[in-house]
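Q: Here's my sequence, what's the structure:
(one chain, ligands or ions: 3)
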Amino acid sequence: MDPTDPVAILAGLIRCPSVTPREGGALAFLGALLSREGFEVARPVFEEAGSEPVENLFARSGGEGPHLVFAGHTDVVPPGDLGDWSRDPFAAEIVDGEMIGRGAVDMKGGIAAFVAAHGRYVRKNGAQKGRVSFLITGDEEGPAVNGTVKLLDWAKTRGERFDACLVGEPTNPDALGDMIKIGRRGSLSAEVRITGRQGHVAYPHLADNPVRAAVAIADALLASPLDEGTETFQPSNLEITAIETGNASVNVIPARCSIFFNVRFNDTWSVETLKAELAARVERGAAADRLRPGRAPASCELLWRERPSAAFSTRPGALTEALVAAVEETTGRRPQLSTSGGTSDARFIKDHCPVIEFGLVGRTMHMSNERVALSELQGLTDIYEAFIARWFAAHA
Ligand SMILES: N[C@@H](CCC[C@H](NC(=O)CCC(=O)O)C(=O)O)C(=O)O
Ligand SMILES: [Zn+2]
Ligand SMILES: [Zn+2]
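A: Ligands and ions are numbered 1, 2, ... in the order given. You can find the predicted model right below:
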């Protein structure tokens, strides 16, 4: 295997069926490749009650000096119905100049490009004047409990200190060079559990329908925008993802109803201030009179789901400058600096060092027939190589 060929590396990675949280041979493949390239490779496994053990990888080249980390994941989402794929999702077939396979863009392609870029850089310039590491988890697409967050602490206890991190998630909406992610919105999920009184639909006065309260609470949650957005962030947004009673009968008023929602929020809120605002809205909805005239406020409980994350953005500096210049030099395009979209493992890395994200075009991520144009994979490899050169030049 040519360690400077991103196409061969990506094919090898896609052929490992690492559906989250299975390792599927992907980290073993990557570890062997990096070992041959002179990296010191460790493969810690993390576990915690209530979750499956997960394999991870940390690999470092160079013993001292400025430390640049490339972070990502080899786990992939399930392929779904195989009938929706034109090719085997784990065969890495090339059709019309595109490689098809689960993980092609999210994000085995990013990993393949960075390995190849580093290999090319070293062959042209000799070893970098400092350290390059790979921080790769097998638990990003899953609960993300036994992955990056623990791998960062594991590395820290071994004395690893990072100066900057690039995450190779697919950040470009349409074309390579569109967008660098310089931060992410926060994410907070919750359930409102409403308790009513079961009864016959024809005798609603003898029951207390929790769905009426649920509608009023949903209305209060959505009543007004949370904010207008900021220069760096989109407006915060609340989405109700489910309203459930578990009731299959058309003539029974259920006893209970739950509303599930998620908020993606900007830095005008902390997790605490947002929780307080949402709790006030739930209380207002529970007390609303229109759908439950003459009744006492509905009995409800607001349950926060595990591990919310706050919004963050990385301050402009050498890291962003090196990547913008590398993208411009390679593609002739000036990337937009954005915090849009979902969250990522950068939310954990930001507590250790400045972090930004740049990878392939994400249009087919999580879809059937996920694929990457080979020319784009080579283009990303060129950008990463230019970035490595510029980042170490700036830290010489
Ligand atoms: N499953 C994990 C993390 C969920 C992260 C997920 N991120 C994306 O879908 C990335 C898409 C993009 O880059 O815009 C999300 O935002 O929900 C967990 O829940 O811990
Ligand atoms: Zn991803
Ligand atoms: Zn994903």
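Q: use CA for all of it now, contacts and neighbours both
A: Fine.
Q: Count the residues that sit near the residue in the chain positioned nearest to ligand 1.
A: Using Cα to the nearest ligand atom, G342 is the residue of the chain that sits closest to ligand 1, at 3.2 Å. Using other Cα atoms under 10 Å, G342 is surrounded by 10 other residues.
Q: for W154, same thing?
A: When counting by other Cα under 10 Å, one arrives at 15 neighbours for W154.
Q: Could you do R363 as well?
A: Around R363 there are 18 residues (other Cα under 10 Å).
Q: where does the stretch 51-200 of the chain come near ligand 1, residue by residue?
A: Contact residues (Cα under 6 Å from any ligand atom) of the stretch 51-200 of the chain with ligand 1: E140, E141, G142, P143, A144.
Q: related to what we said a few turns ago, okay but the residue of the chain closest to ligand 1 is in contact with R184, surely?
A: Yes: counting by Cα atoms under 8 Å, G342 touches R184, with 7.0 Å between them.
Q: sorry, back to before: top of the residues of the stretch 51-200 of the chain next to ligand 1 by neighbour count?
A: E140 (23 neighbours).
Q: what about it, which helix or strand?
A: Remark: E140 resides in no helix or strand, with elements defined by DSSP states H and E.
Q: who are the neighbours in contact with it?
A: T20, H73, D75, G147, T148, S344, D345 (Cα atoms under 8 Å, 6 or more residues apart in numbering).
Q: Same list, the residues you listed, but as CSV with secondary structure and neighbour count please.
A: Shown next, in CSV, are these (DSSP: H, G, I helix; E, B strand; the rest coil; neighbours: other Cα atoms under 10 Å):
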residue, secondary structure, neighbour count
T20, coil, 20
H73, strand, 29
D75, coil, 31
G147, coil, 29
T148, helix, 26
S344, coil, 18
D345, coil, 21
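Q: returning to that earlier point: take the residues of the stretch 51-200 of the chain next to ligand 1 and lay them out in CSV including pLDDT.
A: Listed next are these as CSV, based on pLDDT from 0 to 100:
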residue, pLDDT
E140, 96
E141, 95
G142, 91
P143, 90
A144, 92
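Q: what about the strands in the stretch 201-350 of the chain?
A: Per DSSP state E, counting those that start in this stretch, the stretch 201-350 of the chain carries strands over the ranges 237-244, 252-253, 256-265, 299-304, 312-313, 336-338.
Q: Quick one: closest of those strands to V372.
A: Smallest distance to V372 across the strands of the stretch 201-350 of the chain (Cα to Cα): 21.4 Å, for strand 336-338.
Q: ok now stretch 108-128, how far from the chain's centre?
A: Chain-centre distance of stretch 108-128: 24 Å, with Cα atoms, centre = their mean, to the nearest Å.
Q: you'd agree E160 is in a helix?
A: No: counting by DSSP: H, G, I helix; E, B strand; the rest coil, E160 falls outside a helix, being coil.
Q: Other residues contacting stretch 233-241?
A: Outside stretch 233-241, the residues that touch it by Cα under 8 Å, 6+ apart are 185, 218, 221-222, 225-229, 259-267, 338-340.
Q: mind checking how far the residue positioned nearest the centre of the chain is from F358?
A: The centre of the chain sits closest to S344, judged by Cα atoms, centre = their mean, with a distance of 2.7 Å. Counting by Cα to Cα, to the nearest Å, the gap from S344 to F358 is 12 Å.
Q: Over to V215?
A: 41 Å.
Q: same question, R131
A: 20 Å.
Q: So for those two, which residue has more residues nearby?
A: F358 (26 against 19).
Q: Who are the contact partners of the more buried one?
A: Applying Cα under 8 Å, 6+ apart, we find F358 in contact with L166, V167, G168, E169, P170, T171, N172, M179, I180, K181.
Q: V41 now?
A: Contacts of V41 by Cα under 8 Å, 6+ apart are G31, L34, S35, L57, F58, A59, R60.
Q: Who are the packing partners of the helix or strand harbouring I9?
A: Under the criterion of DSSP H and E, I9 resides in helix 6-14. Contacts defined by 3 or more Cα pairs under 8 Å, 6 or more residues apart in numbering; DSSP states H and E place helix 6-14 against helix 26-36, helix 108-125, helix 374-394.
Q: pLDDT below threshold where in this structure?
A: Along the chain, the model assigns pLDDT under 70 to no residue.
Q: what residues go with each domain of it?
A: Annotated domains of the chain cover 6-184+311-394, 186-304 [automatic domain parsing].
Q: Deepest in the core, which of those is it.
A: With neighbours taken as mean count of other Cα atoms under 10 Å, the domains of the chain reach their highest mean count in domain 6-184+311-394, at a mean of 20.
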